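>>> turn this into a structure:
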Amino acid sequence: MRSLVYLGFLSLLLFSCSATHRLSMTVTEPAVVSLPKNVQRVGIINRSIPSEGKGTLAKIDAILSAEGMQLDRDGSQAALQGLADRLRTSNRFEAVVILDSLPQLAKGTLAMPAALSREQLRELCATYGLDAVFSLAYYDTATQVRAEIGMREVTGTLGIPVKVPMHRLDLTTALRSGWRIYLPQVPLPVDQWEYTDYLRVSGQGINPVEALESIRNRKERVLDISRQTGFVHGSRLEPSRIRVGRDYFVRGNDSFERGKRLAQTGAWNEAAQLWEAETAHPKDKIAGRAHYNMAIINEINGDLEAAHSWAKDAYAIYGNREALRYIRILERRLAAQAELEMQLSGLTPE
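Next up, the predicted model:
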């Protein structure tokens, strides 16, 4: 017990004596996928027809839902609609069209099929006046069943409790889909991504049929998940905002202590004035930490170039080792910012 108390005290001491403090900030990341500005008309195709080769899985689905392969058909259509909704609400494109009745392009596979050939893609774009094609390359639902039999007490016809068999069915449905984006002038897909989601439902009854009939809205829930998958997939073309963590120095002299308290109240500019005054400190350790903190405050204010300059001086002139790692972070952010600005201005290279 004494050892545990000692270890707890030591951990608290080390934490309280840390030279840095953690902050979090929101940064904007560029879209995962960039398309040229001249891509204005896009088509969405479904290559994912239910395959007769699904065998047992398709039969299980037919028994469970009385829908069989229709569940895959409806689910894939819901996924296409979700993607179309996301692309249309982004206001990025002049036209977003779901293309039906393209059996020559459909494949009944359970994984990524061969990519569209360049000839197929160019013919598709020429026929429908498209600048890009979004493809649902495959879509599949597979259900696993776990059955249990127990006993349940019910009231009989004479009011006497009797025990009857109780059947329980646990269904786990995996929804898998794969997506691609094509440009007619590029020989390979410019993006490829896959998703796997799960739906778990249960039912019970005095026999397996009643247990199955007690499961409600399974199809509707599959369609909702599929629609959401398509909607989320469309976000790959949009910038995203994420939270990141940064450490800044709170120890060295009284200016760092006061700066910490100001920062904790949101007075970052007042804290920066204290840190900037310490950048000329005669001790390299203090000056280096002050330069590092100035890099942090400039990143908070959105000036990544200035942040990079302060961080470089913190390491190159004053030997602050934490600054070297931070320099790499800022270099990645500068590259991401350049890509983001290019995306937002519509100057994505063609």
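
>>> what about the helices in the protein?
2-16, 56-65, 70-89, 118-128, 208-213, 218-234, 254-264, 268-277, 284-300, 304-316, 321-344 (DSSP state H).

>>> quick one: low-confidence ranges for the stretch 201-350 of the chain?
346-350 (pLDDT under 70).

>>> 80 instead?
Flagging of the stretch 201-350 of the chain using pLDDT under 80 yields the residue ranges 206-213, 343-350.

>>> ok, what's across the strand from Ala132?
With DSSP bridges as the criterion, Ala132 is bridged to Val42.

>>> so it touches Val33, yeah?
No: at 10.3 Å, Ala132 and Val33 do not qualify as touching, with contact defined as Cβ atoms under 8 Å. C-beta here means a position set from N, CA and C on the backbone, and glycine is covered the same way.

>>> re earlier: looking at the helices of the chain, which is buried most?
helix 284-300 (a mean of 23; mean count of other Cβ atoms under 10 Å).

>>> could you give the angle of it to helix 254-264?
20 degrees (axes from the mean of the first three to the mean of the last three Cα atoms, to 10 degrees).

>>> skipping adjacent residues, who's closest to Ile286 in space?
Take Ile286 and drop its neighbours on the chain: the residue closest to it by Cβ to Cβ, 6 or more residues apart in numbering is Gly252, 4.9 Å away.

>>> go on, Tyr128?
Gly43 (5.5 Å).

>>> okay, now the one you found: neighbour count?
Residues lying near Gly43 (other Cβ atoms under 10 Å) number 22.

>>> residues in contact with it?
If you count contacts by Cβ atoms under 8 Å, 6 or more residues apart in numbering, Gly43 has them with 97-99, 124-125, 128, 130, 132-134.

>>> spatially, which two of those residues are the most separated?
Ile98 and Cys125 (15.4 Å; Cβ to Cβ).

>>> what's the closest non-adjacent residue to Leu169?
The nearest residue in space to Leu169 (Cβ to Cβ, 6+ apart) is Ala211, at 4.6 Å.

>>> Tyr292 versus Ile327, what's the distance?
10 Å (Cβ to Cβ, to the nearest Å).

>>> can you list residues touching both of those two?
Ala311.

>>> ok, the most centrally placed residue in the chain - contacts?
By Cα atoms, centre = their mean, the chain has its centre lying nearest to Val232, at 7.9 Å. Going by Cβ under 8 Å, 6+ apart, Val232 touches 82, 86, 195.

>>> go on, Met112?
Here Met112 is in contact with 137-138, 178, 180, 192, 194 (criterion: Cβ under 8 Å, 6+ apart).

>>> widest-spaced pair of those residues?
Maximum distance among the contacts of Met112 (Cβ to Cβ): 11.4 Å, for Tyr138 and Gln192.

>>> who has more neighbours, these two?
Tyr138 (25 against 14).

>>> which strand residues bridge the more buried one?
Gly178.

>>> who touches it in this structure?
Per Cβ under 8 Å, 6+ apart, neighbours of Tyr138: 47-48, 107, 109-113, 176-178.

>>> pLDDT at it, what is it?
We have a pLDDT of 93 for Tyr138.
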